[in-house]
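> Kindly generate the corresponding structure for this input.
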Amino acid sequence: MRLFLVRHGQTPANVARQLDTARPGLDLTEVGREQAVALAHRLEHEELGAIYTSDLVRTQQTAAPLAATLGLGLVIRPGLREIQAGDYEMSTEWGPYVEAVAAWVEDPTRTIPGGDSGVGFMTRYTRAIRRIADDGHESALAVSHGAAMRVWCSVSLGLPVDFFDARRMDNTLVVTMEGDPDAGWRLLAWGDEPVTHDG
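Residues are numbered from 1 along each chain as shown. Down below sits the predicted model:
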């Protein structure tokens with residue numbers, strides 16, 4: 001299948017650099033709503049079989065204009081939720097959160113205090129992606145979150161450690177891939193940049 005994995009639009013927490021990971025999460029800003037409309041225009045010609053979101057409201061608000069354009073409903077998959085910040089929720093000090101997530105490379109059992117472990121996150125996110133693939137659509141879109149997408153894509157696509165040195169994870173960035181959970185995923189594009197990489 002072809003899978004478009006999309007980061008949600010801008011929120012007040014993005015602007016304030018806060019770790020907003022818990023349900024229901026903040027709404028989109030006005031800029032975020034404009035980004036959602038622009039996303040719908042960019043993807044309106046894709047023949048999507050379904051649109052999926054996490055259970056945080058910003059993903060649903062991001063997907064809503066595209067869903068309306070294509071006449072599709074939204075399918076909520078809680079497993080697509082952001083990596084849970086736990087004790088660091090709504091903090092503007094990202095260091096401990098980033099360090100804990102980075103440590104998963106060496107120790108995926110490490111847990112963010114009050115939040116996710118590497119194993120727990122990868123299990124739930126991969127399960128959500130598998131459920132999407134099992135629905136049998138030739139093409140689908142899922143709106144998710146920046147840190148979650150970065151970690152899952154890094155592992156599932158086998159991205160080299162320097163992949164993100166020159167690449168950003170902007171709001172409404174679209175990661176295009178094809179494949180399935182059993183055969184693996186092949187990266188086709190990172191945003192507007194064509195990239196060929198087999199996981």
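
> Longest helix of the chain, counting residues only.
helix 118-134 (DSSP state H).

> just checking, what packs against the next helix or strand after that one?
Read in the C-terminal direction, the helix or strand following helix 118-134 is strand 139-144, with elements assigned using DSSP states H and E. Using 3 or more CB pairs under 8 Å, 6 or more residues apart in numbering; DSSP states H and E, the elements in contact with strand 139-144 are strand 2-7, strand 50-53, helix 57-70, helix 118-134. To be clear about C-beta, it is placed using only N, CA and C from the backbone, and glycine gets the same treatment.

> Take these and write them to a markdown table, including mean neighbour count, distance to residue 37 and mean pLDDT.
Shown next, in a markdown table, are the helices and strands packed on strand 139-144 (neighbours: other CB atoms under 10 Å; distance: least, CB to CB, whole Å; pLDDT from 0 to 100):
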| stretch | mean neighbour count | distance to residue 37 | mean pLDDT |
| --- | --- | --- | --- |
| strand 2-7 | 22 | 14 | 98 |
| strand 50-53 | 23 | 15 | 98 |
| helix 57-70 | 21 | 5 | 98 |
| helix 118-134 | 18 | 24 | 97 |
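
> Any chance of the ones you listed in JSON lines with distance to residue 189 as columns?
JSON lines is the format used below for the helices and strands packed on strand 139-144 (distance: least, CB to CB, whole Å):
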{"stretch": "strand 2-7", "distance to residue 189": "9"}
{"stretch": "strand 50-53", "distance to residue 189": "18"}
{"stretch": "helix 57-70", "distance to residue 189": "17"}
{"stretch": "helix 118-134", "distance to residue 189": "18"}
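
> Which one, of these, ends up nearest to residue 195?
With CB to CB as the measure, strand 2-7 is the member of those nearest residue 195 (13.3 Å).

> quick one: contacts of that closest one?
The set of residues that contact strand 2-7 without belonging to it, under CB atoms under 8 Å, 6 or more residues apart in numbering, is 39, 43, 46, 48, 62-63, 129, 132-133, 138-146, 149, 153, 169-179, 185, 188.

> is it true that residue 147 touches residue 84?
No. Look at residue 147 against residue 84 with CB atoms under 8 Å: they stay out of range, at 10.0 Å.

> Phi and psi next, for residue 49.
Taking degrees, to the nearest 10, you get phi -90, psi -20 for the backbone angles of residue 49.

> Kindly state the pLDDT recorded for the residue nearest to it when sequence neighbours are not counted?
The shortest distance from residue 49 to any residue that is not its chain neighbour, by CB to CB, 6 or more residues apart in numbering, is 2.9 Å, and that residue is residue 137. Here the pLDDT value assigned to residue 137 is 97.
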